[in-house]
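In: pasting a predicted model and its sequence here:
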Amino acid sequence: MKKVSRAAFGTASIMLMVLSIGLIFYGVFNLLFTLLTSWHEGRDALLLAISYVVIAIAVFDVAKYFMEEEVIQSRVKVSPLEARLSLTKFITTIIIAVFIEGLVAVFEVSKENIQQIFYPIGLLVTATVVVLSLAVYQRISVDTENQESRSSVRPK
């Protein structure tokens, strides 16, 4: 069963990596095509290309995380520190992608229809809540790790 799981994660990771690279190329080609046909619409295409690249990087990082954690290592975390660092790295990538997507959406909405500003604000608020949640998680995890290290050092 472990081999099937590793194969599934490996296949899904490779597919996500290929699709994210395709999304980057699509964003760049769409930008170039737009600039060649209408210089005036270049700003919109540029913002859209940024959006595509940010999403692609986040998807690629998720795929890389699955590949490293589930296929290559394929073991239970040895320590809480390892698990915390791995999860922190993963969540940080998602947070950055959501913040950038929110900022791009603010620029897009502000020039077209300001009444739709609630979606970008929602993205930015959500990213902020995730950052604060990550901070709480970090604090609790570090305190737990410190308690465990103190208790393991004490003679019994």
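Out: On my side now, so go ahead.
In: next, name the residue at the spatial heart of the protein.
Out: Residue closest to the average C-alpha location in the chain (C-alpha atoms, centre = their mean): I94, at 2.4 Å.
In: isn't it up against V130?
Out: Yes. If you go by C-beta atoms under 8 Å, I94 and V130 touch, sitting 7.4 Å apart. No exception for glycine: its C-beta is placed from N, CA and C like everyone else's.
In: distance-wise, check Y65 relative to L48.
Out: Here Y65 is placed at a distance of 26 Å from L48 (C-beta to C-beta, to the nearest Å).
In: before we move on, the earlier item: which ones are touching the residue nearest to the centre of the chain?
Out: 58, 62, 130 (C-beta atoms under 8 Å, 6 or more residues apart in numbering).
In: element containing the first one?
Out: Secondary-structure element containing A58, defined by DSSP states H and E: helix 42-66.
In: check the offset of that helix from the chain's centre.
Out: Here helix 42-66 is found 10 Å from its chain centre; the criterion is C-alpha atoms, centre = their mean, to the nearest Å.
In: same question for stretch 126-137.
Out: On C-alpha atoms, centre = their mean, the centre of stretch 126-137 falls 14 Å from that of its chain.
In: so which bits of it are buried?
Out: Residues of stretch 126-137 classed as buried: 127, 130, 134 (neighbour count, 16 or more other C-beta atoms under 10 Å).
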